[in-house]
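Participant: Everything below, folded, please.
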Amino acid sequence: MIEGSKADAATRKLSMGMIGGGPGAFIGEVHRKAARLDGQVEIVGGAFDINPEKSHEMGRTLNLDPGRVHDNYEKMIEAELALPEDERIDFVSITTPNNWHFPIAKAFLQAGFNVICEKPMTMDVAEAVELKKAVNSSGKVFALLHNYTGYPMVKHARWMVQQGELGKVQKIVVEYPQDWLLKRIELEGQQQASWRTDPKQAGAGGCLGDIGTHAENLAHYITGLFIDELSADLTSFAEGRLLDDDVNVLLRYGNGAKGVLHSSQISTGQENNLNIRIWGTEGALQWFQENPNYLYFYRQDEPVQILRRGNSYICEAGQRATRIPTGHPEAFLEAFANIYMNAIDTMRAHMLGKTPTTLELDFPNVNDGLVGMQFIETVVASSKSDVKWEKFHN
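Facilitator: Numbering: from 1, shown residues only. Model (predicted):
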C-alpha cells in the first residue's frame, strides 16, 4: 500500500499496476525501470502473464504482496475496486502482445483507472476508434509508449521546426532497419519473435506494426505534418512468415512535402538504426537513435552545426527531458522514463484539480494511437492494391 491519500498526490509516489511483463519479457522490465527512474512510482501489483503460475512467479521476483498479484486482468480490476479508493492503483501499464491492448485498456478506463499502454494501440482502426471514445468518456489519462519522442534532442528538433528554423518542410526520410528477424527464429521458440510474427497476436502488420509505426510517429511528432496519401510495398522475405518483415513507403504530406519511410527487420548487420532526415527551405535536421544525444543542423553554404543534449541552448522541453550534465550519455531507458514522467505529472495535475501544462502533456496519446492504426491499415491496403496511391484512411 502507498502511504497517504489522493490529497497527497503532489508529493507521494503513485501506485502502478502492470499487465504483462512476466518472466522473460523484455519490454515489461524496460517499463518497470523507466517508471521508477525518477522515484515517483511504486509497483504494487499486476497480472504479469497469461499463465497464472508465471504471473505469481513474477510477483515473487518483484517482492510484491501476493494478494495483489492476480491470475488475469479481470480479477485484478475486481480486486482493486474492492479496495478503499485511496489504496487502489493510480494507473496500469499494459505490456502484453498487441491483441490484448484494446480489451485491457478499455476495461481499466471504464473501471476508472489511468492507462499507459504499449504500441501499436490496438489490432485495427475500429478498436482504436472505440478506445478513443472510452478515453474521452472516462476523463482518465491515456499514454502510448512511442518512446522515441522522449529523447531530448527529438524534442529540440520539434521545437526548431515549430520556430521556423527549417522554413517550409519539403522532404522527410525516416528509416528503422534491424536484422533480428533475418532468420525464422520464431520457429525456434524465441518468445519475442513468436508473437510478433503471429497475425492473431500482432495484427495486420509485422515489422510495420512493430517499428514502422515508430518511424511514422517520429516524423509526425517532429514536423507536425499529417500524411495525405501513400504508396507502399510490404514483403515477407523469410519464406513462410505470415507477416511482413520489410516495409517501403512513399509519402505525400498535407503541406505538399514528400517522404520516404523504410523499416526492416531483415537488414543484415543493422541493430536499432532508427534515424530521420528533414529538409526544409531554410535548413535541415538529422538525428540518429543509436547516437541520440546529438542533433545535426544544416544550412546551405554553412558549416554543419552539431547540437548537443544538456546545453543551455536546448529548448525547454528538451531541458525538462534531461537528467544529467553534458557529456554523460542519456538514452533508451531515459526516453521511456520521460513518457512516464510527463504522463504521471498530468495524472497528478488531474488529481489536484489543476490543468496540466503543455510540457506535462508532451506524451503520445490516444490520438497518436489512432493515427498509428490508420497508418497500418492504409499501408496494408496500398501494398495489396494495384492502385499506385492510397488516400490516408482517417
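
Participant: Tell me which stretches of the stretch 201-350 of the chain form strands.
Facilitator: For the stretch 201-350 of the chain, strands defined by DSSP state E, counting those that start in this stretch occupy the ranges 227-235, 246-253, 258-264, 275-280, 284-288, 294-298, 305-308.

Participant: can you put these in CSV and add mean pLDDT, distance to residue 69 and mean neighbour count?
Facilitator: Yep, even glycine has a C-beta here, placed from its N, CA and C like the rest. Converted to CSV, those look like this (pLDDT from 0 to 100; distance: least, CB to CB, whole Å; neighbours: other CB atoms under 10 Å):
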stretch, mean pLDDT, distance to residue 69, mean neighbour count
strand 227-235, 98, 40, 19
strand 246-253, 98, 38, 22
strand 258-264, 98, 36, 21
strand 275-280, 98, 40, 20
strand 284-288, 98, 40, 21
strand 294-298, 98, 43, 18
strand 305-308, 98, 44, 14
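
Participant: and the ones you listed as TSV, adding distance to residue 199?
Facilitator: Shown next, in TSV, are the strands of the stretch 201-350 of the chain (distance: least, CB to CB, whole Å):
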stretch	distance to residue 199
strand 227-235	13
strand 246-253	16
strand 258-264	18
strand 275-280	29
strand 284-288	32
strand 294-298	37
strand 305-308	42
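
Participant: Looking at the ones you listed, spot the one closest to residue 373.
Facilitator: Between residue 373 and those, the shortest gap by CB to CB is with strand 227-235, which sits at 13.1 Å.

Participant: partners of that closest one in the sheet?
Facilitator: Take DSSP bridges as the rule and strand 227-235 pairs in its sheet with strand 246-253 (antiparallel), strand 390-391 (antiparallel).

Participant: wait, which of those strands is closest to residue 330?
Facilitator: Closest to residue 330 of these, according to CB to CB: strand 246-253, at 28.9 Å.

Participant: quick one: the closest one to chain centroid distance?
Facilitator: Relative to its parent chain, strand 246-253 has a centroid offset of 20 Å by CA atoms, centre = their mean, to the nearest Å.

Participant: so where's the chain uncertain?
Facilitator: Flagging of the chain using pLDDT under 70 yields the residue ranges 1-7.

Participant: Can you name the residues bridging to residue 46?
Facilitator: Beta-bridge pairing of residue 46 under DSSP bridges involves residue 18, residue 69.

Participant: quick one, domains of the chain?
Facilitator: Domain ranges of the chain: 6-147+354-364, 151-324+371-384, per automatic domain parsing.

Participant: now do the same end-to-end measure for the last one.
Facilitator: Just to be clear, that refers to domain 151-324+371-384. Domain 151-324+371-384 stretches 35 Å from its first residue to its last (CA to CA, to the nearest Å).

Participant: what number of residues lie near residue 44?
Facilitator: By the criterion of other CB atoms under 10 Å, residue 44 has 23 neighbours.

Participant: likewise residue 339?
Facilitator: 25.

Participant: was I right about it contacting residue 148?
Facilitator: No: judged on CB atoms under 8 Å, residue 339 makes no contact with residue 148 at a distance of 9.7 Å.

Participant: how about residue 380, phi and psi?
Facilitator: In terms of degrees, to the nearest 10, the main-chain angles of residue 380 are phi -60, psi -40.

Participant: Tell me what angle the helix or strand hosting residue 176 forms with strand 246-253.
Facilitator: Element membership of residue 176, judged by DSSP states H and E, is strand 169-177. Strand 169-177 and strand 246-253 meet at an angle of 170 degrees, taking axes from the mean of the first three to the mean of the last three CA atoms, to 10 degrees as the criterion.

Participant: and strand 169-177, what other elements does it pack with?
Facilitator: Contacts defined by 3 or more CB pairs under 8 Å, 6 or more residues apart in numbering; DSSP states H and E place strand 169-177 against helix 213-223, strand 246-253, strand 258-264, strand 275-280.

Participant: okay, those in JSON lines with distance to residue 62 next?
Facilitator: What follows is those, written out as JSON lines (distance: least, CB to CB, whole Å):
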{"stretch": "helix 213-223", "distance to residue 62": "28"}
{"stretch": "strand 246-253", "distance to residue 62": "36"}
{"stretch": "strand 258-264", "distance to residue 62": "33"}
{"stretch": "strand 275-280", "distance to residue 62": "35"}
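
Participant: which stretch among those comes nearest residue 206?
Facilitator: Of all the helices and strands packed on strand 169-177, it is strand 246-253 that lies closest to residue 206, at 8.8 Å by CB to CB.

Participant: Now do the closest one: everything it contacts.
Facilitator: Contact with strand 246-253 is made by 169, 172, 207-208, 212, 223, 225-237, 258-267, 379, 382, 389, as judged by CB atoms under 8 Å, 6 or more residues apart in numbering.

Participant: quick one, what contacts residue 28?
Facilitator: By CB under 8 Å, 6+ apart, residue 28 lies in contact with 18, 20-22, 48, 95.

Participant: go with 10 Å
Facilitator: Applying CB atoms under 10 Å, 6 or more residues apart in numbering to residue 28 gives the contacts 18-22, 46, 48-49, 58, 93-96, 118.

Participant: From the structure, what's the count of residues near residue 256?
Facilitator: Neighbour count of residue 256, defined by other CB under 10 Å: 11.

Participant: Count the neighbours of the nearest residue to it once chain neighbours are set aside for me.
Facilitator: Nearest non-adjacent residue to residue 256, counting by CB to CB, 6 or more residues apart in numbering: residue 170, 7.7 Å away. Neighbours of residue 170 under the rule other CB under 10 Å: 17.

Participant: same deal with residue 171?
Facilitator: Using other CB under 10 Å: residue 171 sits among 15 other residues.

Participant: try residue 301
Facilitator: Counted with other CB under 10 Å, the neighbours of residue 301 add up to 4.

Participant: For the protein, identify the residue most remote from the centre.
Facilitator: Going by CA atoms, centre = their mean, the residue of the chain most distant from its centre is residue 301, 37.1 Å out.

Participant: Show me the helices in this protein, by range?
Facilitator: Ranges of helices within the chain are 26-36, 52-61, 73-81, 101-110, 125-138, 152-162, 191-196, 199-202, 207, 213-223, 316-320, 332-351, 366-384, based on DSSP state H.
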